[in-house]
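>>> Structural data only, the sequence is not supplied:
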C-alpha cells in the first residue's frame, strides 16, 4: 500500500491503484468517458490544485525566484482547511491503499506535484518505491 506522484496521461505503473487528478481543469479535447481509459485520472480532485491565479503565475515563471514564489504561495494555499483535510485524507489512505496523485506538467521540478509530494510525506504518507 502506497502513494505515487505521477504525470497524468503517462502509462500507469503496475499496482498504481486509483489515479487522482489534482489539476485545475480536465484535459482538453478528451471526453469525460475517456479520462481513465487514456490514463489521465479516475477521479478529478481540484481541491489540491493551485488556484487559477497561481496557475497563471506558474505559466509566467521564468526564474528560480519566480518558482520559489510559486511554491511558497502553493504551500500557503494548502494550509486552508479544505486542502489540509484533503492532504490528511490522502496521507491516511496511502497507509491502506494504492493511490496516485498527479498533474499534467512535464517537469515535476516546475509543478505543484513536487510540493504536493512533500506535503503528503510530512503528513505521514507512505510513498511507493
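All right, it came through fine. Just so it is clear, the model here is predicted, and its values are computed rather than measured.
>>> wait, what's in contact with residue 112?
By Cβ atoms under 8 Å, 6 or more residues apart in numbering, the contact list for residue 112 reads 22, 49, 50, 58, 71, 74, 103, 105. Any C-beta I mention is one placed from the backbone N, CA and C, and that applies to glycine too.
>>> okay if I get those as CSV plus neighbour count, distance to residue 119 and secondary structure?
Shown next, in CSV, are those (neighbours: other Cβ atoms under 10 Å; distance: Cβ to Cβ, whole Å; DSSP: H, G, I helix; E, B strand; the rest coil):
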residue, neighbour count, distance to residue 119, secondary structure
22, 23, 11, coil
49, 22, 13, coil
50, 25, 12, coil
58, 19, 17, helix
71, 18, 11, helix
74, 24, 9, helix
103, 24, 14, strand
105, 16, 16, coil
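>>> Spatially, which two of those are the most separated?
22 and 71 (14.9 Å; Cβ to Cβ).
>>> Give me the residues contacting the one helix or strand in the chain whose mean pLDDT sits lowest.
Using mean pLDDT, DSSP states H and E, the weakest-scoring helix or strand in the chain turns out to be helix 52-60, at a mean of 95. The contact list for helix 52-60 (Cβ under 8 Å, 6+ apart) reads 24, 49, 50, 66, 69, 70, 73, 74, 77, 110, 111, 112.
>>> Stretch 118-126 now?
1-3, 5, 75, 78, 87-88, 90-92, 94-95, 101, 127.
>>> make it 7 Å
For stretch 118-126, the external contacting residues (Cβ atoms under 7 Å, 6 or more residues apart in numbering) are 1, 2, 3, 78, 87, 88, 90, 91, 94, 95, 127.
>>> State whether the second one and residue 94 are indeed in contact, as I suppose.
Yes - taking Cβ atoms under 7 Å as the contact criterion, residue 2 and residue 94 are neighbours in contact, 5.9 Å apart.
>>> between the two, who's got more neighbours?
Between residue 2 and residue 94, counted using other Cβ atoms under 10 Å, residue 94 has the larger neighbour count: 25 against 17.
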